[in-house]
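Student: quick check, what structure comes out for this input:
(chains A and B)
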Amino acid sequence: MSEQKVKIALPDGSVKVYESGVTSHQIALSISEGLARNVLAAKVNGEVWDASRPILHDSSVQLLTWNDDEGKNTFWHSSAHLMAEALEALYPGIKFGIGPAVESGFYYDVDFGDQEFNASDLEKVEQKMTELARQKNAYLRTEVSKNEALDYFGTKGDEYKLELLADLEDGSITFYQQGGFTDLCRGPHIPDTGHIKAIKLTNIAGAYWRGDEKRKQLTRLYGVTFPKKKELDEYLALLEEAKKRDHRKLGRELELFAFSEKVGQGLPLWLPKGTELREKLAAFLKKAQVKAGYESVITPHIGSKSLYVTSGHYEKYGQDSFKPILTPNENEEFLLKPMNCPHHCEIYKFKPRSYKDLPLRMAEFGTVYRYEQSGELHGLTRVRGFTQDDAHIFCRPDQVNEEFKQVIDLVLYVFESLGFKDFVTQISLRDPENKQKYIGSDDVWEKAESAIIEATSEKGLKTITKLGEAAFYGPKLDFMVKDALNRSWQLGTIQVDYNLPIRFDLEYVGSDNQKHRPVMIHRAPFGSMERFVAILLENTEGKFPLWLSPLQYIVLPISEKYADYANEVDQQLKEGAFSGYVDHRDEKIGRKIRDAELSKIPYMMIVGEKEAASKSVSIRRQGAGDTGSHDLGALLAYMKHELELSFTPDKE
RNA sequence: GCCGACGUAGCUCAGGGGUAGAGCGCUUCCUUGGUAAGGAAGAGGUCAUGGGUUCAAUUCCCAUCGUUGGCUCCA
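Tutor: Below is the predicted model:
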């Protein structure tokens, strides 16, 4: 093999020979001109490279375009540089933090110094970006020494880049330059700014430098760009669509829940229909829990401060939580409960436990109160008073694995029954750099973490792992679901805890007649009723299956003449345990149908002369239009059948 | 908590230094209509709250409260 040739393996399995030093762009060009125009970067031996970077050795090459996630990523990262260039041109002397691509778009953190910048200036920046993009400036990669780099940003006076440089090793530092802007960056980048055809700067926000709230807050500018104007329009249309699924809007429209300034921030009021929905969800889970061997308990909303001193909650959160409530004369301190586990531990201690009693599975829809920072409150997803579908499993160490796997099954059953298909399972571990955030010894943490890792892998779950996301008393397996705007929320959670049993001195008598320490598994398949309902709303747009829908039917008489028959139908449905009502308004049928459709009621039953005469109803399913006339008795049987099916996943 | 934006009728929103408007909803009347909006009339607002500037503030300024997009946090 000559030194001058390289073998390039392409994803289709073909291998082609090129001159050494060939670029991905040239490879693309050898395939087709159109492809070459669209190539943004290339994956060379698994690493994303600039399309213009010479390939010197035999390699596998995957050309990346806008249709590849990595292509998009590169595109947006380059767009961040373009935005920085525009900003520097408009606001000389500003300093830059970091500017990465994110899930949909990019941002750059900027220190504007004394210069004013607000949302209304974004348009100006967009225009400048468009102007610079049209210049089709190439993104040029240069390798620099650490000293050169320090010198450049020292002269420029950008302390943020200097700080970033401090952590980098000499010999691995690259600059990228396009037009008049040079940035410290490991790349890769798209060939030139000309690819960026549609630009939208979406919002600005404060963001702490290096995510540290003790450090300076920079201005973060978010944006998104596309290679075609049409794609930007589609993206904006998608955002508009997402607004329709906003649970706060749906909660108001469907009269599910509300907030009142007078009651207080983050304290939801459940309206009758929302309560109906929530109670149906709770009943669904309770039924599954009875099958899985859980027992229900009820504990008070407050507990003596000493309970939380024992659990460690007071030490970890006492400063940031609602202050203790005092008895009037004795000044005894009570806390609003932030978690149910301490109460459940006390139930465990009610009497001596034998190894034969375990596992003990204690479930409670327990309402808890936490002082969440005001800036964090968000609709029903982040509130200060909420109800967990909580349970604690007290078991022997040899039972942890089996119990944990059974809980995974329960969570999967719940998710499946409610139609959540796109969820991510996340193993949330302790931050090894920051152990003082947690209680307990390394030894028990290792046991708990490996218990989770083993059980999830035995279940064959595809997981991601995040450090620093554990609870203070133990690691978790979290089930994350996205909202309408693609933001991830933790719903289900399962936690292994060796610590609270020690703190509460929980024991059981083993077969050896010795005292042993049980292990606790904390778990909540919904997470909280509030957040679960919120995410369910965003995922279903409020179009609930029959069994969940707060209103299951509405009877629509053609005119007031058929009111009696409508009432008769209503009565029979009520006797069949369905919830709904008759729309007796003095409106035309078209109007009644429209309103019922918009209220997302699953069954609309239209009754008029024909139906009254034949004891039938004309059925319209929400979203599906007229489905013809049906005998009332047969309909009731069908609806009951539909309910049965709903509780078994994988129907239809 | 921090940075930014916003707060006008039940809802969605327009307006703007001289004490307010639309559509929907609501009430009443007419209409008795067959599968996504029938017609008419009417009621409804201390323009979030508190200060300041001004002859005059809902409008401008400040603060507070609330909402919201992020950041940080999240038992």
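
Student: in a strand, that's where A:Phe394 is, yeah?
Tutor: Yes: counting by DSSP: H, G, I helix; E, B strand; the rest coil, A:Phe394 is part of a strand.

Student: separation between it and A:His313?
Tutor: Separation of A:Phe394 from A:His313 (C-beta to C-beta, to the nearest Å): 19 Å. C-beta: built from backbone N, CA, C; applies to glycine.

Student: and A:Asp443, by the same measure?
Tutor: 22 Å.

Student: and these two? Which one has more around it.
Tutor: Using other C-beta atoms under 10 Å as the criterion, A:Asp443 and A:His313 rank with A:His313 on top: 24 against 9.

Student: what sits against the more buried one?
Tutor: By C-beta atoms under 8 Å, 6 or more residues apart in numbering, the contact set of A:His313 is A:Pro338, A:Met339, A:Pro342.

Student: ok, now A:Lys615?
Tutor: The contact partners of A:Lys615, by C-beta under 8 Å, 6+ apart, come to A:Asp631, A:Leu632.

Student: A:Ala84 now?
Tutor: By C-beta under 8 Å, 6+ apart, the residues touching A:Ala84 are A:Phe96, A:Gly99, A:Tyr108, A:Val110, A:Phe181, A:Asp183.

Student: same deal with A:Ala363?
Tutor: A:Lys286, A:Gln289, A:Tyr294, A:Glu295, A:Ser296, A:Val297, A:Asp389, A:Asp390, A:Ala391.

Student: the third one contacts A:Pro359, doesn't it?
Tutor: No: applying C-beta atoms under 8 Å, one finds A:Tyr294 not in contact with A:Pro359, separated by 9.9 Å.

Student: so what does A:Leu380 have for phi and psi?
Tutor: Note on A:Leu380: backbone dihedrals following degrees, to the nearest 10 are phi -90, psi 0.

Student: so it sits against A:Glu538, correct?
Tutor: No: counting by C-beta under 8 Å, A:Leu380 stays clear of A:Glu538, with 10.1 Å between them.

Student: list residues touching both of these two?
Tutor: Residues touching both A:Leu380 and A:Glu538 (C-beta under 8 Å, 6+ apart): A:His247.

Student: so how many other residues sit close to the residue in the stretch 251-400 of chain A that RNA strand B sits nearest to?
Tutor: Closest approach between the stretch 251-400 of chain A and RNA strand B, counting by C-beta to the nearest atom of the strand: A:Gly375, at 2.2 Å. By the criterion of other C-beta under 10 Å, A:Gly375 has 7 neighbours.

Student: name the nearest residue to A:Lys124, sequence neighbours excluded.
Tutor: Closest residue in space to A:Lys124, ignoring its immediate chain neighbours: A:Leu90 at 6.6 Å, by C-beta to C-beta, 6 or more residues apart in numbering.

Student: surely the one you found touches A:Glu123?
Tutor: No: A:Leu90 is beyond contact range of A:Glu123, at 11.5 Å (criterion: C-beta under 8 Å).

Student: more neighbours, these two?
Tutor: Each of A:Leu90 and A:Glu123 has its neighbours counted (other C-beta under 10 Å); A:Leu90 has more, 15 against 10.

Student: give the contact list for that one.
Tutor: Contacts here follow C-beta under 8 Å, 6+ apart; on that basis A:Leu90 touches A:Lys124, A:Val125, A:Lys128.

Student: would the residue of the stretch 251-400 of chain A closest to RNA strand B count as being in a helix?
Tutor: Yes: assessed by three-state DSSP, A:Gly375 belongs to a helix.

Student: still on that earlier bit, okay, the contacts of A:Ala84 in TSV with secondary structure, pLDDT and neighbour count next?
Tutor: Output for the contacts of A:Ala84, formatted as TSV (DSSP: H, G, I helix; E, B strand; the rest coil; pLDDT from 0 to 100; neighbours: other C-beta atoms under 10 Å):
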residue	secondary structure	pLDDT	neighbour count
A:Phe96	strand	96	24
A:Gly99	coil	95	23
A:Tyr108	strand	97	23
A:Val110	strand	96	25
A:Phe181	strand	95	20
A:Asp183	strand	95	23
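
Student: spell out which parts of the stretch 1-150 of chain A neighbour RNA strand B.
Tutor: A:Asn118, A:Ala119 (C-beta under 7 Å from any atom of the strand).

Student: just the strands from the stretch 1-150 of chain A, written as ranges.
Tutor: In the stretch 1-150 of chain A, the strands defined using DSSP state E, counting those that start in this stretch lie at A:5-9, A:15-19, A:22-23, A:41-44, A:47-50, A:54-55, A:59-64, A:95-96, A:101-102, A:105-111, A:140-144.

Student: and the helix or strand hosting A:Ile452, what does it pack onto?
Tutor: Using DSSP states H and E, A:Ile452 sits in helix A:442-458. Helix A:442-458 sits against helix A:400-417, strand A:423-429, strand A:476-482, strand A:488-497, with contacts defined as 3 or more C-beta pairs under 8 Å, 6 or more residues apart in numbering; DSSP states H and E.

Student: the longest one - contacts with which helices or strands?
Tutor: When contacts are defined as 3+ C-beta pairs under 8 Å, 6+ apart, helix A:400-417 sits against helix A:272-291, strand A:385-395, helix A:442-458, strand A:476-482, strand A:488-497, strand A:519-524.

Student: mean confidence for it?
Tutor: Averaged across helix A:400-417, pLDDT comes to 97.

Student: equivalent analysis for the last one, please.
Tutor: Looking at strand A:488-497 alone, the average pLDDT works out to 97.

Student: show me which residues of that strand are buried.
Tutor: Neighbour counts over strand A:488-497 (16 or more other C-beta atoms under 10 Å) mark A:Trp489, A:Gln490, A:Leu491, A:Gly492, A:Thr493, A:Ile494, A:Gln495, A:Val496, A:Asp497 as buried.

Student: got a list of what the first one touches?
Tutor: Residues near A:Trp489 by C-beta under 8 Å, 6+ apart: A:Thr381, A:Met480, A:Val481, A:Lys482, A:Asp483, A:Arg531, A:Ala534, A:Ile535.

Student: pull the number of nearby residues for A:Arg591.
Tutor: The burial count for A:Arg591: 13, using other C-beta under 10 Å.

Student: could you do A:Leu82 as well?
Tutor: Neighbours of A:Leu82 (other C-beta under 10 Å): 29.

Student: tell me how far it lies from A:Gly264.
Tutor: A:Leu82 is 45 Å from A:Gly264, by C-beta to C-beta.

Student: same thing with A:Phe350?
Tutor: Computed with C-beta to C-beta, the distance linking A:Phe350 and A:Gly264 is 35 Å.
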